[in-house]
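Trainee: Please work out how this folds:
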Amino acid sequence: MTDMTVSETRRIVYDDGAVRAFVWASVIWGLIGLLVGLVIALQLSFPSLNFDTSWLTFGRLRPLHTNAVIFALVGNMMFAGIYYSSQRLLKTRMASDLLTQVHLWGWQIIILGAAITLPLGITQSKEYAELEWFLDILVAVVWVAFAINFFWTLAIRNEKNLYVAIWFYISTILTIAVLYIVNNLALPVTGTKSYGIFSGAQDALTQWWYGHNAVAFFLTTPILGIMYYFLPKAAGRPVFSYRLSIVHFWALVFIYIWAGPHHLLNTALPDWAQSLGMLFSLMLWAPSWGGMLNGLLTLRGAWHKVRTDPVLKFFVAGVTFYGMATFEGPLLSIKAVSALGHYTDWIIGHVHSGALGWNGFMAAGMFYWLVPRLFGTKLYSTKLADYHFWIGMFGILLYVAAMWVSGISQGLMWRAETPDGGLQYLDWSQILNSQQMMYYARSIGGGMFVVGWLMMVINLVFTAMSGKRTNVEVEVTVMKPVTLEEAPGTWAFLKSRPVILTAIGMIAATFFAMPSIGLAVVGFIMLAAIVMFVAGMLFNTTGKGKHSWHEQLERRPLAFSVLTLVAVLVGGVYELLPGLVTDKEVPLAANGERTVEPYTALELTGRDIYVREGCYVCHSQMIRPFRSEFLRYGAPSRIEESMWDHPFQWGSKRTGPDLARIGLKYGALWHWDHMLNPRDVVEQSIMPSYPWLYDNQAEAGIAADKMGVLKRLGVPYTDEQIQNAKADYDRQAAEVVAELKTTGKVDAPGDTEIIALIAYLLRLGKNLEPAVGAQQASIQGGK
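Mentor: Model (predicted):
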């Protein structure tokens, strides 16, 4: 068995130049992302702020806001924290300056690409994964460069044991690679257009497996690693509990990956998958709060410093927001609670309590601690940092409280009934506009957070100007491998009791989550037995010498990484595999014909316009099995209705009503007038106008290429349909034009984008038209 021992001393200069660059990138891109968020918040109260301009509409700017906050603000902040802390924890410079620069500038090019393409409507429409295929490839390349540099640095480290922060960094790097690659698998049609390989319910499950765990492993685990490094540094106290950090880490990375389906509760997704997501989401309470308590209890004996130190103020508030968000998330995963809160502003409040409270405040705390050290000086103004804290805190609380009130009110109003059993609020705009006071409050709260961030920018700039850039040079002991007889060998380590116990635990958890009652009982019994012994097993020795099992694991980055990856993949494989390997069964009518036909060339073109304009941001296409939704929209959605949808459009927010049956409700003329100026049709509408659709020519010429790609992905287009795509397009467009002429005396050119979009909207709801009586009898749950 080999271990590390002192061989010599060496002077090392840490690469803090990259850290400074990532800090400034986070600060600047973050300000832009927050300003875009403020603009779209105001657009919901003042629709004229869309300016009748395609690249300034809510539907196109909202993905820009989310990507800027997640990948630009938090991403760059995360990289700054990882590069700074890893070098010091591993006592070595990053292995490759070249790979560091590739990572730094490649990431900024990706963000710039997103800032250009998303307002232009170049999008896949997948939440947190909107970037098109050419940028996805760049993301993968840059991430691989980051991963190689990080693991190479682990290999040349001069500190034998991996500190807890490094564990979380490892989980982030491995898991994000798996998530991003799987979710973004696609076939290109053109240089700026592709179709994902998954469709319908498969796509929904894969997307929210990715979406939920992007929150977990991009916005949570790396920030927890940063917490474990910077909070003890700022407080001058050691981490409260090493053992709690072990339980926190392994429980979190194993459980988190299973919870994605809780974003799809009460939808057409199979019930077993929904229950699986709900169960593991509830289990997340324990490790999440364990991490929060470990962070807060680290301040034992140092709480007096919080009164005067703005860095600790931000860290304490950030960790507290983490606790609040990780309490609210599992709460919202309960089906009954989700029935009220899903699609409403409550979800917006929940997301921002995490993004602004947890990520935003942790970023600010880290910057206030880090920048003075990167420039060899003191913080320019502690008082200004305190002002930032209180203004930002009040802004977040106002924002979140407003969204709680608005969201719960919306959920209750959607389901409210009159004494005779009808809907009390038939007019959607009445429900939406009753919450305008909350929208004003949300904008004020968001504006206050932006003001606080701007104060931080000023403070950090003046801090940097008062000092000069410094790269820390330290003397470290270089460790060389030697043989330690008392330490167990690799094979003894791998067959040790904790490894075997963990494997059994994973199998038991998998059994417990299965829809089979018998397997679930077996899994429960196994889990109960493990719980009785797990604490002792985790910390026992391997049987040789004084080396604890986990300490031995911390000295083996490869073994640690493999076990982390296994813990993550178990849940992912079980959650996704059944849906991916099952053949699609096309429902047949009594005469043997398919009940779900793929989109025509014109409808497919219109659907792509729908995606480009970001309509999915405000409208769902998923009617839940509730009486109130049956009364408002029609029969509940069925899983086969969206089976040819690349990508799925079930949605996650209803600023506007559900559109799953909109084709059965309105004709072509209504859509023509509504898209041109929504307020001519619905006086209080806050929807943007889309005048450019009436001038732009649709891309009819590539409809056949699109159909060809979709055929390769399993959509049942025939060669004849693909060959005749242009002729079919023109024929159906002429039918829409004729309807407009007949019903409204509108002379419309058939080659414009609005005609294609209208054709798509008229199609919605016509995949299946089940008998109302039969469907009403199957309505489940409450209202």
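Trainee: Help me confirm that residue 734 comes into contact with residue 748.
Mentor: No: using C-beta atoms under 8 Å, residue 734 makes no contact with residue 748, being 10.5 Å away. Any C-beta I mention is one placed from the backbone N, CA and C, and that applies to glycine too.
Trainee: Who has more neighbours out of these two?
Mentor: residue 748 (20 against 13; other C-beta atoms under 10 Å).
Trainee: Distance check, that one against residue 762.
Mentor: 14 Å (C-beta to C-beta, to the nearest Å).
Trainee: same deal with residue 147?
Mentor: For residue 147, the distance to residue 762 - C-beta to C-beta - is 48 Å.
Trainee: More neighbours: the two, which one.
Mentor: Applying other C-beta under 10 Å to residue 147 and residue 762 shows that residue 762 carries more neighbours, namely 22 against 17.
Trainee: Quick check, the more buried one in contact with residue 665.
Mentor: No: using C-beta under 8 Å, residue 762 is not in contact with residue 665; the gap is 10.1 Å.
Trainee: Spatially central, which residue of the protein would that be?
Mentor: Nearest to the mean C-alpha position of the chain, by C-alpha atoms, centre = their mean, lies residue 211 at 3.7 Å.
Trainee: Check the offset of the one helix or strand it maps to from the chain's centre.
Mentor: For residue 211, the host element (DSSP states H and E) is helix 200-217. Here the centre of helix 200-217 is set off from its chain's centre by 8 Å, with C-alpha atoms, centre = their mean, to the nearest Å.
Trainee: What is the distance between the helix or strand just after it and the centre of its chain?
Mentor: Remark: after helix 200-217, the chain's next helix or strand is helix 221-235, criterion DSSP H and E. When C-alpha coordinates are averaged (C-alpha atoms, centre = their mean), helix 221-235 and its chain have centres 22 Å apart.
Trainee: And for stretch 346-362?
Mentor: So, by C-alpha atoms, centre = their mean, the centroid of stretch 346-362 is 12 Å from its chain's centroid.
Trainee: got the CA positions of it in PDB?
Mentor: Provided in PDB are the C-alpha atoms of stretch 346-362 (Å, rounded to 0.1, in the frame of the first residue of the first chain):
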ATOM      1  CA  TRP A 346     -45.300  30.700  -5.900                       C
ATOM      2  CA  ILE A 347     -42.700  28.700  -8.000                       C
ATOM      3  CA  ILE A 348     -41.200  32.000  -9.100                       C
ATOM      4  CA  GLY A 349     -40.800  33.100  -5.500                       C
ATOM      5  CA  HIS A 350     -39.300  29.700  -4.500                       C
ATOM      6  CA  VAL A 351     -36.700  29.900  -7.400                       C
ATOM      7  CA  HIS A 352     -35.700  33.400  -6.500                       C
ATOM      8  CA  SER A 353     -35.300  32.700  -2.800                       C
ATOM      9  CA  GLY A 354     -32.600  30.200  -3.900                       C
ATOM     10  CA  ALA A 355     -31.100  32.200  -6.800                       C
ATOM     11  CA  LEU A 356     -31.000  35.600  -5.100                       C
ATOM     12  CA  GLY A 357     -30.900  34.600  -1.400                       C
ATOM     13  CA  TRP A 358     -28.700  31.500  -1.500                       C
ATOM     14  CA  ASN A 359     -26.500  32.000  -4.600                       C
ATOM     15  CA  GLY A 360     -26.600  35.800  -4.700                       C
ATOM     16  CA  PHE A 361     -25.700  36.400  -1.100                       C
ATOM     17  CA  MET A 362     -23.100  33.700  -1.000                       C
END
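Trainee: Name all residues that make contact with residue 43.
Mentor: 49-50, 58, 61, 686, 688 (C-beta atoms under 8 Å, 6 or more residues apart in numbering).
Trainee: Any chance of TSV for these, columns distance to residue 714?
Mentor: Converted to TSV, the contacts of residue 43 look like this (distance: C-beta to C-beta, whole Å):
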residue	distance to residue 714
49	42
50	37
58	33
61	34
686	38
688	35
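Trainee: shouldn't residue 424 be in contact with residue 414?
Mentor: No: Residue 424 lies out of contact with residue 414 (C-beta under 8 Å); the separation is 9.9 Å.
Trainee: quick one: low-confidence ranges for this protein?
Mentor: Residues of the chain meeting the criterion pLDDT under 70: 1-7, 479-499, 501-547, 578-595, 768-783.
Trainee: how about the strands of it, start to end?
Mentor: Here the chain has its strands, by DSSP state E, at 2-13, 186-190, 193-196, 473-483.
Trainee: For the shortest one, which strands pair with it and how are they oriented?
Mentor: By that I understand strand 193-196. strand 186-190 (antiparallel) (DSSP bridges).
Trainee: Show me what counts as buried in the strand it pairs with.
Mentor: 186, 189 (16 or more other C-beta atoms under 10 Å).
Trainee: Ok, stretch 157-175 next?
Mentor: 157-160, 162-175.
Trainee: Show me what the biggest helix by length in the chain is packed against.
Mentor: With DSSP state H setting the assignment, residue counts place helix 382-415 as the longest helix in the chain. Under the contact criterion of 3 or more C-beta pairs under 8 Å, 6 or more residues apart in numbering; DSSP states H and E, helix 382-415 touches helix 310-332, helix 335-341, helix 345-352, helix 361-374, helix 428-433, helix 436-466, helix 627-633.
Trainee: what's around residue 70, how many residues?
Mentor: 18.
Trainee: How about the contacts made by it?
Mentor: So residue 70 contacts 128, 214, 218-219, 355 (C-beta under 8 Å, 6+ apart).
Trainee: Residue 691 is in contact with residue 678, correct?
Mentor: No: at 11.7 Å, residue 678 does not count as touching residue 691 under the criterion of C-beta under 8 Å.
Trainee: what's the farthest-apart pair in the contacts of residue 43?
Mentor: 61 and 686 (14.4 Å; C-beta to C-beta).
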